[in-house]
Every structure is written in structure tokens, then in C-alpha cells.
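K.L.:
I'll drop the sequence and a predicted model, then ask my questions.
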Amino acid sequence: MEFLNLPALYALGALPLLLLPYLVRRKPRRHVFSSLLLLQAFATRPEKRFWGRLRLPWLFLLQLIILAALVAAAADPVWRSASGERLAIFLDNSASMQALEEGKPRFDRAREEALRVLRNAAPATRVDVYLTVPWTGIAGRDLEPADAAALVRNAQAYDLAESGADYADLVERLIEERDYHRILLLTDRPVQGGTRTIQNATFGRPRGNVAITRFDLDPGGFGSAGSSARLEVANFSLRERRIEAVLFGEGTRVATRRKRVPAGESAVFEFDDFAARAYYEARVEIDDAEPDPLALDNRRYAVASSGATSSILGVSPRPEALESLRAVPGLDIAVTPPEDYRTAADEKYGLEIFHFAAPRELPQNNALFILPPEDNPMVRLGAPEADKGVSSWSDVHPLTRYVNIAMLRPRYTRTLEPRLPARSILNGPSGPLAVVFERNGFRYAALGFDPLPFLGRRNLPMSIFTLNVLGWLRGGMAAVNQSTGVPLELAGDVRQTLTPAAAGAPPEGTAPSRPPVLFQGVYERFRNGKRELVAVNFDAPRESDLLHPVPVVLEATAGQAGKAQGARRLWPYVIAICGLLLALEWFANPPRREDG
Amino acid sequence: MLPPPFSREFLNRLEILRLKTRKDVLGNNPGGYMGPRRGTSLEFADYRRYAPGDDLRYLDWGVLARTDRLYVKLFREEVDLFVSVFIDASGSMLYPSSDEKFGRACHLGLALAYAVLANNDHVRFHMLRRDAEEDASPLFRGRHRILDAVRFIRDFAPGGPVDMEASIARHLQRIRRPGKAIVISDFLVEQRDYERGIRLLQASRFEVTLLQVLSRAEMAPPFPRGALIVEENESRNEIRLQWTDEVRRRYVATLERRLEALKIFCHRQGIDVSLYVTDQNLADYVLKILPGIGLFQ
């Protein structure tokens, strides 16, 4: 027999409170009577101890049994047959589980709880172990408790975020399909709904956290001499934090900036004119007595562009507009019509600009799409609009740097609907006008208006914006920055982590062909005999917000079917026994009116 | 003004009652009760030889015709009755309240007194209390004196302990003419104490009747179950006890044994005794129960 609602058993600790009425009754009440003559025979000796000598009638024992039985009924006891229980353990190993709770990672606590349950499981129990990252799925199927314990013991938390909605859906679907008798949900997120079949344990409480949400590196060029970097730091806490941002280049401290970041807001730390290095690491430290719970998002990596080439391939049916970019110093552009794109792309340019043109698939290169046709792989376009202007923008992105947005007035615009998750930089009244995203180490941008021809000082806001776009895309040239969880294409079978030294490798057997990168850091790879550096970062601000964890919302009926089939629920019997005992107490000690 | 139980109907019915005595009483004036001396009643007592000066109206002519001797008939004397009503005025009579127990006891005494006064007999109230001043009323006679009796009782403040024997003895020192003694008390004292007091009355040639007054709360104490400290109303002594159903049953059994002991004592001494529980109707008790024990003719 076991209990599905174990926390209810804590109420057993309150059972001694039943003594209170008896102790209160023990305190003698004073009454006046006509004569003690007839009462002398029943007199008792006064108690020396203040609580007196405790006399507990057998009714007390009966009431104690009734209360204990009620608590046991609330704990939902079940009787499982010896044929074995089907147990599922959902172990959240996402990045937020690395957060420290009283000096110990949440994941370690969750793992200990899972091991405790497995230790107490019957030998016939069959266990499925699920992990939530790199993808929410089964990590061990139909295991004996000892094997499941070994699997759990070897599990670790990765630098990856999870999808809350998918997580909940999968839990519910698996519960319905696999008919588990019991599901152990170990996560740091609050769980809402579900039934008592799902035993959830939430590790961790909402806490303030500071996280680097963006680290952009500008290798220079297009008007600036040295390299520059921008660090966006978000303060996910309820009070202002004093933050020190430190930029390291190849392990050497390059610069330090300090700022106060108000609660719930972000701040940008800028580092200008420093010497180029192969890779960089940005760290933030909180000048505060309260330590930051999640160290993972307090550092971020970036790899600098090699600066080897600034050559651009322009693809446009209107070559004159792209030819105007030749006015930009240090920029080498080759323009080709769309029909010749396949041949021209082999020449390996650092950036491809598709002007009223688009390839069928997303190019394996940094690319800019300017008002592409409908069959482009990046965005869907909305209806044409005229003189609508820009209504909002992201002021912490390099694309909007130094741009007087109010003066940025494209005449012809079309709103963009990204086919892939992308970040909107400029927004018109009807929707996004400029979106960017990074994938596989390449940067992509799409514009819903035409910034060309490049007019220089004659249209300064548009020219600065154009240079920002080119500069940002150039930052991705020959430098690969990607997020954790994305497979890292490793050619030449050489895999090495430059920094941090403790970063782990992708686990064996998870996805042999293209394993996702599970830990952030700077990776070194060799492609076509060339050494390339790849900066892999944990890029999930939502996961870093430990103050507002995304709840796992389960349907109220989830798991009920499995529960009914898997075990015999005993609480109705316990309640029936309580009823019998209550009736016994009633007959033994009927409530009656006090005389007088 | 008489208290509420004394309605006109109740008073009318009291007036036709007459206390019953088993032996001759020493009266002061002609009345309705037989005295020990020879008198002029209609009840024949004896013959005596005629002596000069005897009233010729009492010569028995039949005896003279048959025996030729002169005998006069003697008749019993009829005298009035002196009734002493002893009311327990100790602290125990104040439970559960003065009105509920002592007040009812006084009403009972007043009802008996009214019946006595209506017969033009004498009645006097004696309050049984230790060391009390003014604890005996004047001798009342005539029904109009019932108001004086009410006033005396109303002005008396009960309370404190009582030594029944000593208190009765003190009152007896002031009583010159024995008669009927009615003792109204809860008798919640040691048995030997009230027995000595009653014997003292009997030794003083009183014909005694005991009326025991108990409240319903004394018949079945309304204590809640659990530990109690019970304080005595009379002496302020206190005891601790654990009040349970079992103790309640044993208390009731003890009380019944006490009542039985009182009855046995009275039976042996030739004393009428009756129990009046204060939630009983006073008129019913006086008019139905008391004649049944032989208190009224």
C-alpha cells in the first residue's frame, strides 16, 4: 500500500492537538453547591503538576484512530498488486534547474527526490524516465528501479530551455496513452491542475535573477576603427541591482562597465575601440549582498569576425540600386541577376543581399532580404502600404543604433510575418517592418521596405540604418554564434571546447547524427581544413526569469483513467471505517443535554 | 401582600385545613384540640364521685337510678394549638438560589402557618441559623397576622452554617408551651446532627413533622463532565472531583440512601416526614401530599 498524496500525511503531526480538549477539560471548573456532604466520597486529591494527571478515556483512543484514518484517507492510499506498477518520472533538466537553492542546485534536489522514490519502489515496478531537454522525451523505457536510478544518477542539467506548453501537452498525452499508475513530475516550475496520480514536486521558489540577454560584437569597419561590443543585461528582480559587466578577450580582461539596472528593466553596456581578439566572453557580476542564483546566464560568449572578407554578393533584378553600395568605404559588392545566383553563390561571399529576389532555401550564409518575393524561405509579406512610417522599434539592437527613427520614413512598406522565430526590430502600424534572426551561426535580416539606393548624407537616417544592417550582418561573417540546443555542424571530427574548460560534450546516443550543443561556450571546429570558432550561448530570457516561472498547466482530468486501472483506491473503505467508528463513538457516548 | 403562590383559591382551600395532632396539646385558650386536662368539651372523659359544689348539670342520672350513687361526668378540655415552624436558614438553603430553595421553604411554612392562623391557633417562626439575632418571630394568632409573618420572613437574611441541635436548643429556651413543631430543612447535615435536634424537640414534648426541601439541582447536579472544584455554599469549603456519569449515578444512589435513612429515623420516632422538591407545585403539595402523610385532619 502506498499514498498518492503524501503531503496530506503531514497532517498526522497535528494529531497530538487532539489532546488539547482533554487538557482543557482537565482544568477544573468551579461550581458552588449546597453541601459537600454527598460529594465527599467522590473527592479526588488535588494534582501537584499544573497539567494534572492526564486521564485519557478509551474514547480518546477511538477519536485518535478516526482522525488518523481521515488523514490517511486524505493521503489517498492505494493498493497495488504485486504484478508491478507503471511509474513515470519526469525530470526537468532545463537550464533553470541549475539555479541554486540554499547553496544546492535545484536539479540535485530533484534528482535526490527521484532516487528516493525509486529506492522505495517495489522491485516489480517498471519505470519510464523522461527528461525535458534537449527535447522533452523518454530517456529510459521500461526500466527496473535500479536501472532507472542509475539513469537518473547520470542525468544532468543542460544549458537549454524548455518549452512550457509542449512540456505540459506531452505530459498529458503520455499519461493518457501509456496509462501510468503514477507520474512523478520533478520541476522548478509551478504545476497547475492534474490529479493526484501526478505527484509533482516543485523545487525552487521565485527569485530575482540577472541575465545577459544579448551580446553583440562589432568587428569594426564601415566607419569605425576598432571593435566594439554591446551587452544587454536584464534585471529579472524586484529591486534595482548594481551590475558590473566585464569583457574578456581570449581570457584577458578587456574592459569593465558598471551600471544600475532598475527592477524589471534591461540595460545596455557598450564597449568601444578595443583590439580584436579571436573570441570574447562577457560576464556580469552583481555588486550586491544577495548572490545571483543562476550563474549560467551571467556569462556569454561571442566570436569575432575574422575580417578576412567584406565582399558581398548582391542578387537583384535592379542592379543599379545595389551598385549604390559601392559608395560605402571598404565594401566590395558583386551584383548578379537572380537567375545567375546559383553559380555566383559558389564563390563564397561573406554576405548575400537579395533585393526583390530570394533563393528557394535559406542560404548557408549571412543574408539580407529586401522586399523578397512571396516564395522566399524567410518571411511572408503583407499588403503594400504607403507613407505609414515606423511606429515602434527595438532600441537596444545594433540595427537602430544612432538612427533617428522619427526621420526614417520609407515610402513603400510591406509588413513581414517571419516563417521562423525571429526578432522584430522595426514595426509599422500594421506589423513588423524589419526582422532578424540567427541560425546555424549565420545572421539573417529581412526588410519590408527598400533602403536602397544608398544616398549617403542625402538620407542620413536611412543610410545609417543601412550601414547598421550591413555591419550587423558582417558581424556574423566568418564568425559563428549560435544558441545552445542547435546542432553544431562539426566537420573533420575535431571537437574541442576552448572555454569554459568545464563545458561538457553532447551526450552519446541522444542524436548521433547531429547532436545539439548542450552547454554554452566557445567551440572550435574545422571545416574544409579551416579552423572556425563557434560561440554557443544559452539564449532564453524567459528561462532566465526565475521570478516569473512559466507554470505547467495540466488538464484537471489528466491521469484519471490510468489511476483507476492501476491501483485499488482505498480511501472509500477508510471513510467507511471512519463512519463505523463514529457510529460506535455515538452509541458509546451519545451527546446529551447537560442537566441544568 | 402575599407572595404569588398564595392565590385566593389556594388561601380558601388552606382555610379548611386543620392540623392533626396525635396527642394532647397544652393550649392556652379554648380551641379545637384536645388538651390533657378535663374541660367542657363534648367528648366524655371519665366519671367522678359527686362532691359538693359540682355542677348538677353533669350528674349522670342513669347511674344514680341504677346504683343510687351520685357520679358526675367529666369531659375533655379543648384548647388551641401552638405551632412552631422551624425553617432552615443556613447557606445550603440558598442553592441554586435563595428564591428557588429558601423562598420555597418559606412559602411552604407560610402555607402551613396560614392554615393554623385560619383556625385561630398560634404560630411562630423559628429560623435555624447559627448565632442569629432576631431569629424567632412573635407568636401570631388570627389570619390577619399572616402579613406580619410574611414581613418577618422577608426581612430575614439567610446564610451561613447551622448547628441544628444547638439552634433548636436555643429556640426551645424561649418556647414555654409545646405543641406542634414543623421542621422545614434540606437536612443536608450529618445524620446525627439533625437526629439530636429532632430528639430534643421530642423531649420537649413537641409533636414533630419534618418537611425536607430539596431543589431539582440537588437531586441531579447539573455539573458538566470533567474535573470540578465544588465549593460548599454554607461553609465555603471546597473539594475537587472528577464528574463522570458513573459519579453522577453514585451521587444519586447516595442521596437516595440519605432520604431513606431520614425516613427510617422518622418512622422509628413516630414522626411524619415528606420530601418537597422545589419544582413541584406548592398548592398541590400542600393540599394533596401533606394530608396524605397525616399532617392535616
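P.N.:
Yes, it's here.
K.L.:
Nearest residue to the residue in the stretch 1-150 of chain B positioned nearest to chain A in space, please, no chain neighbours.
P.N.:
Closest contact between the stretch 1-150 of chain B and chain A, by C-beta to the nearest C-beta, is at B:Tyr95 (3.6 Å). Every residue, glycine included, has its C-beta placed from N, CA and C. Leaving aside its sequence neighbours, B:Tyr95 sits nearest to A:Ser34 (C-beta to C-beta, 6 or more residues apart in numbering or on different chains; 3.6 Å).
K.L.:
How about the contacts made by the one you found?
P.N.:
B:91-96, B:101, B:186, B:188, B:215, B:218, B:232-234 (C-beta atoms under 8 Å, 6 or more residues apart in numbering or on different chains).
K.L.:
Turn those into TSV, including secondary structure, neighbour count and pLDDT.
P.N.:
Formatted as TSV, the contacts of A:Ser34 follow (DSSP: H, G, I helix; E, B strand; the rest coil; neighbours: other C-beta atoms under 10 Å in any protein chain shown; pLDDT from 0 to 100):
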residue	secondary structure	neighbour count	pLDDT
B:Gly91	helix	21	90
B:Ser92	helix	29	91
B:Met93	helix	30	92
B:Leu94	helix	21	91
B:Tyr95	coil	23	88
B:Pro96	coil	19	89
B:Lys101	helix	26	93
B:Asp186	coil	24	93
B:Leu188	coil	25	91
B:Ser215	coil	20	94
B:Glu218	helix	22	92
B:Glu232	strand	21	89
B:Asn233	coil	22	83
B:Glu234	coil	24	81
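K.L.:
what's the distance between the residue of the stretch 1-150 of chain B closest to chain A and B:Val230?
P.N.:
11 Å (C-beta to C-beta, to the nearest Å).
K.L.:
ditto for B:Ile87
P.N.:
Taken as C-beta to C-beta, the span from B:Ile87 to B:Val230 is 25 Å.
K.L.:
distance of A:Ala422 from chain B?
P.N.:
Taking C-beta to the nearest C-beta, to the nearest Å as the criterion, A:Ala422 is separated from chain B by 77 Å.
K.L.:
which residues does that residue contact?
P.N.:
Neighbour list for A:Ala422: A:379, A:435-437, A:444, A:446 [criterion: C-beta under 8 Å, 6+ apart].
K.L.:
what do you get for B:Pro178?
P.N.:
When contacts are counted by C-beta under 8 Å, 6+ apart, B:Pro178 touches B:25-26, B:82, B:204-206.
K.L.:
buried subset of these?
P.N.:
Buried by 16 or more other C-beta atoms under 10 Å in any protein chain shown: B:25-26, B:82, B:204, B:206, out of the contacts of B:Pro178.
K.L.:
Next, format these as CSV and append secondary structure and pLDDT.
P.N.:
What follows is those, written out as CSV (DSSP: H, G, I helix; E, B strand; the rest coil; pLDDT from 0 to 100):
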residue, secondary structure, pLDDT
B:Val25, coil, 78
B:Leu26, coil, 75
B:Phe82, strand, 91
B:Ser204, coil, 91
B:Phe206, coil, 92
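K.L.:
among those, which are in reach of chain A?
P.N.:
Among the buried ones among the contacts of B:Pro178, not one lies near chain A by C-beta under 8 Å from any C-beta of the partner chain.
K.L.:
Widest-spaced pair of those residues?
P.N.:
B:Val25 and B:Ser204 (12.9 Å; C-beta to C-beta).
K.L.:
Neighbour-wise, which one of the contacts of A:Ala422 leads?
P.N.:
The most crowded member of the contacts of A:Ala422, judged by other C-beta atoms under 10 Å in any protein chain shown, is A:Ala446 (27 neighbours).
K.L.:
Checking that one next. Helix, strand or coil?
P.N.:
Assigned with DSSP: H, G, I helix; E, B strand; the rest coil, A:Ala446 falls in the strand class.
K.L.:
bridging residues for it?
P.N.:
A:Phe369, A:Val435 (DSSP bridges).
K.L.:
Am I right that it is in contact with A:Ala434?
P.N.:
Yes. Counting by C-beta atoms under 8 Å, A:Ala446 touches A:Ala434, with 7.2 Å between them.
K.L.:
what's the overlap in contacts for those two?
P.N.:
Counting by C-beta under 8 Å, 6+ apart, the residues touching both A:Ala446 and A:Ala434 are A:Leu416.
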